[in-house]
Structures are given as structure tokens and as C-alpha cells.
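1. Task: produce atomic coordinates for the following.
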Amino acid sequence: MGLLEKLDLSPRLDKEEYEKRVLRGQRRFLQLRLALGGQLGGGKIGPGILVILEGPDAAGKGGAIKLMVNHLDPRHYSVVSYGAPSREEKDHHFLWRFYKELPGLGQMAVFDRSWYGRVLVERIEGFCSRDEWRRAYKSIVDFEESLCLESNILVKMYMHISDDEQLARFNSRAADPLKHWKLTDEDWRNREKNREYERAADEMFARTNHKFAPWDIIAGEQKRYARVAALETLIKRVEEGMERWGVPVPPESAALGK
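-> I've put the predicted structure just below:
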């Protein structure tokens with residue numbers, strides 16, 4: 001049984017607890033972000049923050065990203081969404097197209113999907129050969145370890161939902177003219193391959209989990225819980241990264257005005 005099959009999707013938060021934890025988490029993350037950007041403490045710039053979110057369609061990646069960044073100054077982060085590579089991008093190594101969006105020291109970027117497309121959608125849909133996606137695991141780990149040693153704190157999250165919840169969200173999008181653009185024929189077609197994607201994701205976790213950037217799997221069945229869990233996971237991993245880099249982690253009491 002794989003990790004996704006064993007994942008408990010039952011956690012829920014009521015509105016009061018959600019709002020309490022959102023406020024606390026956003027204030028804490030803002031504090032960490034400012035510290036790494038040289039805006040708090042001694043003014044020394046720390047490593048950049050790179051957040052990667054993966055998961056099935058409608059798993060809540062967009063909502064989690066909003067919660068992570070909507071309290072930050074927009075000058076202090078970027079959000080990049082990746083789809084199918086262009087013709088030019090296909091002519092290069094599969095990691096090439098991600099380089100220009102990587103955050104530098106003191107910066108932050110969030111990737112809505114990433115180089116893991118090589119071992120997920122490109123693997124399942126046959127957009128690359130078996131040899132190519134099998135080689136990609138080592139290429140990815142080597143690349144990530146280099147990033148984490150030289151410039152970044154890397155946080156990787158996979159948000160997961162059940163087939164039933166995905167169907168409910170698809171139907172909701174289809175009925176809402178302001179959200180209909182999010183839904184494509186390919187999204188509906190991919191539902192038939194959910195088990196294949198889960199098996200590929202489980203292999204991805206096993207082959208690309210490493211000490212500098214472990215995978216965190218987020219139960220996304222309830223949006224409130226998933227968003228808070230993603231935010232709190234981000235905080236935890238950034239604090240760990242700061243310690244690894246030798247950057248002082250400010251006490252949380254300062255962020256809460258105590």
C-alpha cells in the first residue's frame with residue numbers, strides 16, 4: 001500500500017480554529033520571510049525560499065498558495081505556474097526552463113507544479129521515454145541538493161484528495177462561469193488515470209525524498225484544513241532550513257506581539 005492510499009483524508013477544521021491558526025501562521029511566516037530578506041534582525045540576507053506544490057487537479061494548490069503569500073509585500077515573492085513545455089524548452093534539458101525563475105538569496109518563489117512533471121504527467125502521458133523519466137530522479141535530487149547547499153531552502157508539498165472530492169470540485173467549477181476556465185477536457189480525461197498517477201507519485205516520494213528537502217503530503221479533502229496544514233508545514237520547513245544554514249530563527253513571540 002502506497003503513501004497516498006494510506007493517507008488519512010478525514011482531518012477538518014471549524015471556521016474559528018481556522019481563522020485563529022491562519023492569523024498566527026501568517027504573522028509567523030511574515031516574520032521568517034523578513035528575517036531571511038534582511039529586513040529584520042541584523043540585516044544579513046539569508047537563503048532564498050523555494051516552495052514546490054504538486055498534486056492532482058483541483059487538490060487545492062492555488063488556495064494554499066494564496067494563503068501563503070497574500071499577506072506578504074508582492075515585491076518580496078513570485079508565483080510561477082508551469083504547464084506543458086514550449087518548443088524551445090523541449091529542445092533543452094528538462095530542468096532548463098526552471099532556472100530563470102529560481103529565487104536568489106533573500107528572495108522567494110512558489111512553483112505551482114515543477115520539474116516533477118517529468119516523473120508524473122510526462123511519464124504517464126508518454127511525453128518522454130522510459131529512460132528519460134527514470135534518469136530524471138537522480139538529476140532532480142542532485143539539482144535540489146545543490147540548490148539547498150548553495151542558495152535555497154526548498155519546501156516540497158504534495159496535496160491530495162479523493163476521487164469523490166475531485167469530482168465534486170470539477171462539477172462546481174463547471175457550474176461557475178468565473179471558475180469554468182480552470183476546467184479542461186484533459187482534466188476530465190486524467191481522472192481515468194488517477195491510480196496510475198498515484199503509483200507514480202509514490203515512486204517519486206521514494207526516489208526523491210532527501211534530507212535537504214523531504215516531501216510533505218497534505219490531506220486536501222477539506223480546504224480549510226489543507227490550507228492551514230500547508231502554511232504550518234511551510235513554517236516548520238523554513239525554520240529547519242534556517243537552522244541548517246546557521247541563520248538565527250527569531251522567537252515566535254515577537255511575531256505575535258507578545
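2. so is I217 in a helix, a strand, or just coil?
-> Classification of I217 using DSSP: H, G, I helix; E, B strand; the rest coil returns strand.
3. Residues in a beta bridge with it, which ones?
-> Y158 (DSSP bridges).
4. correct me, but it touches L3?
-> Yes. Here I217 reaches L3: they are 6.1 Å apart, a contact under C-beta atoms under 8 Å. The way it works is simple: take the backbone N, C-alpha and C, and place the C-beta from them, glycine included.
5. Need the residues touching each of those two.
-> By C-beta atoms under 8 Å, 6 or more residues apart in numbering, I217 and L3 have these common neighbours: F205.
6. out of the two, which sits in the more crowded spot?
-> When neighbours are counted by other C-beta atoms under 10 Å, I217 and L3 differ, and I217 comes out ahead with 20 against 15.
7. Could I get the pLDDT score of that one?
-> With respect to pLDDT, I217 scores 98.
8. Run through this protein and note the low-pLDDT ranges.
-> 253-258 (pLDDT under 70).
9. and the one residue sitting closest to the centre of it, bridged to which residues?
-> With distances taken as C-alpha atoms, centre = their mean, L53 lies nearest the centre of the chain, 2.0 Å away. The partner list for L53 in beta bridges (DSSP bridges) reads D112, M157.
10. And it, how close does it get to P248?
-> Look at L53 and P248: by C-beta to C-beta, to the nearest Å, they are 28 Å apart.
11. cool, and A64?
-> 28 Å.
12. ok, the two, which is more surrounded?
-> With neighbours defined as other C-beta under 10 Å, A64 and P248 compare such that A64 has more, 28 against 13.
13. Is I49 in a helix, a strand, or coil?
-> Once three-state DSSP is applied, I49 turns out strand.
14. Let me see the contact set for the spatially closest residue to it that is not a sequence neighbour.
-> Leaving aside its sequence neighbours, I49 sits nearest to M108 (C-beta to C-beta, 6 or more residues apart in numbering; 4.3 Å). For M108, the contact set (C-beta under 8 Å, 6+ apart) comprises 33, 36-37, 48-51, 72, 76-78.
15. Buried residues in stretch 215-225, which are they?
-> The neighbour-count criterion (16 or more other C-beta atoms under 10 Å) identifies 215-225 as the buried residues of stretch 215-225.
16. out of those, who's nearest G117?
-> Nearest to G117 out of the buried residues of stretch 215-225 is W215 (C-beta to C-beta; 15.5 Å).
17. any idea where the helices of the chain begin and end?
-> Here the chain has its helices, by DSSP state H, at 3-6, 15-36, 61-69, 87-90, 121-124, 130-150, 163-175, 185-190, 194-208, 223-245, 252-255.
18. Could you dump those helices into a markdown table and include distance to K44?
-> Formatted as a markdown table, the helices of the chain follow (distance: least, C-beta to C-beta, whole Å):
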| stretch | distance to K44 |
| --- | --- |
| helix 3-6 | 38 |
| helix 15-36 | 9 |
| helix 61-69 | 23 |
| helix 87-90 | 36 |
| helix 121-124 | 40 |
| helix 130-150 | 17 |
| helix 163-175 | 43 |
| helix 185-190 | 45 |
| helix 194-208 | 31 |
| helix 223-245 | 11 |
| helix 252-255 | 17 |
